[in-house]
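Student: Show me the folded form of this:
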Amino acid sequence: MLRPQMNLTAAETSTGTAACRSQPRIRAVIADDEKLARATITMLLKSQDTIELVGSASTGPEAVTVVRRMEPDLLFLDVDMPGLSGFEVLERIPEDRRPAVIFTTADKAHAPKAFDVEALDYLLKPFTRARFQLALKRARARLRPELVRI
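Tutor: Residues are numbered from 1 along each chain as shown. Next comes the predicted model:
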């Protein structure tokens, strides 16, 4: 499901960034009803040259549509959204087409269920940059182990 990303600038080629960019990037979608949460995750992902943000959604039904259309590798998913909960979103995506999931929520009560659906991580809002980076490291380890630095 990972797609190669080959648009390189001369600077990237000369600095070695090309080696990373010539490999398929992790395609991500954000599904969260809170505008600030979507903006925060977007901002944190901008510095990640191994992850490409390919879509976002603010409701459960929108999330299902975006995931089906964009086929991301990674989904940042809020639990409580209008229309469908994060868990209901996952139920509507066939298991063989379901992306890896990092839940982002303000409610720690859903954590056990999140791991029952094999979530990569569970970010409790508000989360720190360091905690977000740890979640991304877990995502890379699962989706692109060759990118994990020792």
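
Student: Confirm that Phe103 lies within a strand, as I assumed.
Tutor: Yes. For Phe103, which was evaluated using DSSP: H, G, I helix; E, B strand; the rest coil, the result is membership in a strand.

Student: and it, how many neighbours does it have?
Tutor: Look at Phe103: counted by other C-beta atoms under 10 Å, it has 26 neighbours. C-beta here means a position set from N, CA and C on the backbone, and glycine is covered the same way.

Student: ranges for the helices of the protein?
Tutor: Using DSSP state H, the helices of the chain run over 10-15, 17-21, 35-46, 60-70, 86-91, 111-116, 129-143.

Student: could I get those helices as CSV with distance to Leu53, mean pLDDT and mean neighbour count?
Tutor: Conversion of the helices of the chain to CSV gives the following (distance: least, C-beta to C-beta, whole Å; pLDDT from 0 to 100; neighbours: other C-beta atoms under 10 Å):
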stretch, distance to Leu53, mean pLDDT, mean neighbour count
helix 10-15, 18, 36, 11
helix 17-21, 15, 46, 14
helix 35-46, 5, 97, 15
helix 60-70, 10, 98, 19
helix 86-91, 18, 97, 20
helix 111-116, 22, 91, 14
helix 129-143, 12, 96, 16
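
Student: Of the ones you listed, which is nearest Phe76?
Tutor: For those, distance to Phe76 was read as C-beta to C-beta. The smallest value, 5.4 Å, belongs to helix 35-46.

Student: Remind me what the closest one packs against, helices and strands.
Tutor: Contact partners of helix 35-46 among helices and strands, from 3 or more C-beta pairs under 8 Å, 6 or more residues apart in numbering; DSSP states H and E: strand 26-31, strand 51-57, helix 129-143.

Student: Now do the second one and helix 35-46, the angle between them.
Tutor: Which is strand 51-57. Going by axes from the mean of the first three to the mean of the last three C-alpha atoms, to 10 degrees, strand 51-57 is angled at 160 degrees with respect to helix 35-46.

Student: list the buried ones in strand 51-57?
Tutor: For strand 51-57, the neighbour count (16 or more other C-beta atoms under 10 Å) marks Ile51, Glu52, Leu53, Val54, Gly55, Ser56, Ala57 as buried.
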